[in-house]
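1. Let's see this in three dimensions:
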Amino acid sequence: MDLVDLFKNIDKYLDKDVTLNGWIRNHRDQKTFGFIDFSDGTCQEHLQIVYDEALPNFKNVQHLLVGSALEVKGKIIKSAGKQAIEMKAQEIKVLGECPEDFPIQPKRHTKEFLREQAYLRPRTNLFQAVFRIRSKAAMAIHEYFQSHNYLYVHTPLLTTADCEGSDQMFKVTTLDLNNLPKDDQNKVDMQKDLFGKMAFITGTGQLHGEAFALAYKKIYTFGPTFRTENSNTKTHANEFWMIEPEIAFCDLNMLMDIEEEMLKFVVQYCLDNCREELEFCDKFVQNGLIKKLTDLVNSEFKRITHHEAIDILKKADVTWEFTPTYDGDIAKEHERYLTEFFAGPVFITNWPKDIKAWYMKLNSDGKTVAAVDLEVPEAGELMGGSQREDDYDKLIKRAQELNVDLDPVKWYCNLRRFGGAYHSGFGMGFERLIIYLTGVDNIRDVIPFPRTPGNCEY
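-> Okay, the predicted model is just below:
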């Protein structure tokens, strides 16, 4: 059986014989008895296993080290110690011994050290909590969208659609890099490649998602995306997961309603289903974490325009590292100030068109686009989205202004010609959500095997 079922149904199994499989997390052996701190990975709690010299293999068990895998049979009894229950072992079978040089010992390890042991770090208490929260958060995302009639779409990982800018996308080829074929202009002959043209690993599922939204009304994608950005910040990685809903017959205000409702649903789901893990993170990672999450669920998300945000920042009695401007982006220090100013999450809308993407809907002022970023306390930007440009001529004109190569996205533009409708969508980096949910402040510690500049191990 699993430990999670045992701890959920203690009364059912008290004074009953059970069989468990798991690993030694700590071991204190005495002359005639011993205590094993035992975990099977299904919950944050561990079970103390008490054994004595009545075991046929007592001497053998005494010498087992941390990390060893066991099958244990015994009776669940009330504990005389701090824990509610423990097991009186009747039989301990060794399934896999662990040597003394096992890197994960029962002591505090730095996150930097554990990144070097990424294949073993899931066996630590911290990462047990983080990745269970990640699993539940993923379930919550699917639960929200499925319960609201969204279609789950698997958009392609290989694409010829250049949405984010080819300089940010990994190129894919089957050509021999040591013997590249050249055309008559001495350029690489991409017609000799597998797809006959330049192909990329996707940086977003948005464009393909819009095609499905204009058939199914409401869709979402949830999968890996890739960027070549050579950034070594705590919030950037070259491989990460994205949630990207696209909704037809939805304007910017309706989109913000959905963003707020979805985020509150996911956070509440984790509060309800990851309580022990969140309490662990509250105690050992970020004091006040549960209050922060509870406050978000109970808060009213403020809505302001980019121009209003700059007004507030310019009036602030603060010496900024980056001066806020009406035609510029908003820095981390600005995001932090705005969430503190409003004491909660803030939607910032109607951004200058020159710093946003070509597919966003141009507002009537001709200067801004119907874009929105959600800023949350402590984490800053968590979601970014927009109403998409649904006017074919305006979309083409905007793309030409920004020198977008329209040939690979001709099909995308045609969506406006063939029964197009106003529609909107947003993206949320899944790892940034997990950072917010756990208090762990580095993206490298909330994704199982991080891919960052200079790091593609395992």
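
2. For Gly419, give its distance to Leu180.
-> Taking Cβ to Cβ, to the nearest Å as the measure, Gly419 falls 43 Å from Leu180. For every residue, glycine as well, the C-beta is placed using N, CA and C.

3. and what of Met242?
-> 32 Å.

4. So for these two, which sits in the more crowded spot?
-> Met242 (21 against 13; other Cβ atoms under 10 Å).

5. quick one: contacts for the more buried one?
-> Contacts for Met242 (Cβ atoms under 8 Å, 6 or more residues apart in numbering) come out as Thr204, Gly205, Thr221, Phe222, Gly223, Pro224, Thr225, Gly427, Met428, Gly429, Phe430.

6. Just the buried ones from those residues?
-> Listed as buried from the contacts of Met242 are Thr204, Gly205, Thr221, Phe222, Gly223, Thr225, Gly427, Met428, Gly429, Phe430; burial here means 16 or more other Cβ atoms under 10 Å.

7. Can you tell me which of those residues end up in strands?
-> Taking DSSP state E, the ones among the buried ones among the contacts of Met242 that sit in strands are Thr221, Phe222, Gly223, Thr225, Gly427, Met428, Gly429.

8. Can you redo those as TSV, where the extra columns are distance to His46?
-> Shown next, in TSV, are those (distance: Cβ to Cβ, whole Å):
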residue	distance to His46
Thr221	38
Phe222	32
Gly223	34
Thr225	36
Gly427	38
Met428	34
Gly429	32
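
9. Any stretches of the protein with poor pLDDT?
-> Residues of the chain that meet the criterion pLDDT under 70 lie in 162-166.

10. Just the closest of the ones in strands among the buried ones among the contacts of Met242 to Tyr13, please.
-> Phe222 (36.4 Å; Cβ to Cβ).

11. List the contacts of that closest one.
-> Contacts of Phe222 (Cβ under 8 Å, 6+ apart): Ala138, Ile141, His142, Tyr152, Trp241, Met242, Ile243, Glu244, Phe430.

12. Tell me which stretches of the stretch 51-200 of the chain form strands.
-> 69-78, 85-96, 151-152, 158-159, 171-172, 199-201 (DSSP state E, counting those that start in this stretch).

13. which one of those strands lies closest to Cys270?
-> Here strand 151-152 is closest among those (Cβ to Cβ), at 20.2 Å.

14. In contact with the residue nearest to Glu457 when sequence neighbours are not counted, which residues?
-> Nearest residue to Glu457 in three dimensions, chain neighbours excluded: Ala118, at 6.8 Å (Cβ to Cβ, 6 or more residues apart in numbering). Applying Cβ under 8 Å, 6+ apart, we find Ala118 in contact with Pro448, Phe449, Pro450, Glu457, Tyr458.

15. give me the number of residues near the second one?
-> Pointing back at Phe449 there. Neighbours of Phe449 (other Cβ under 10 Å): 13.

16. from what I can see it touches Asn455, true?
-> No: the criterion here is Cβ atoms under 8 Å, and Phe449 misses it with Asn455 at 9.5 Å.

17. so how far is Ala399 from the residue of the chain positioned farthest from its centre?
-> Within the chain, Ala54 marks the point farthest from the mean C-alpha position, 48.3 Å out by Cα atoms, centre = their mean. According to Cβ to Cβ, Ala54 stands 78 Å off from Ala399.

18. what does Glu276 give?
-> For Glu276, the distance to Ala399 - Cβ to Cβ - is 50 Å.

19. if you count what's nearby, which of these two comes out ahead?
-> Higher neighbour count among Glu276 and Ala399: Ala399, with 18 against 14, using other Cβ under 10 Å.

20. which residues touch the more buried one?
-> Trp358, Leu406, Val409, Cys413.

21. Quick one: residues contacting Arg336.
-> Contacts of Arg336 (Cβ under 8 Å, 6+ apart): Glu378, Gly380.

22. just the helices in the chain please.
-> 3-8, 10-13, 58-62, 111-115, 125-147, 206-216, 252-273, 275-284, 289-298, 306-315, 332-341, 392-401, 410-414, 430-438 (DSSP state H).

23. how near is Ile330 to Ile24?
-> Taking Cβ to Cβ, one finds Ile330 at 50 Å from Ile24.

24. And Pro408, by the same measure?
-> 55 Å.

25. Look at the two and report which has more neighbours.
-> Ile24 (22 against 19).

26. Please name the spatially closest residue to that one (chain neighbours excluded).
-> For Ile24, the spatially nearest residue (Cβ to Cβ, 6+ apart) is Ser68, at 4.9 Å.
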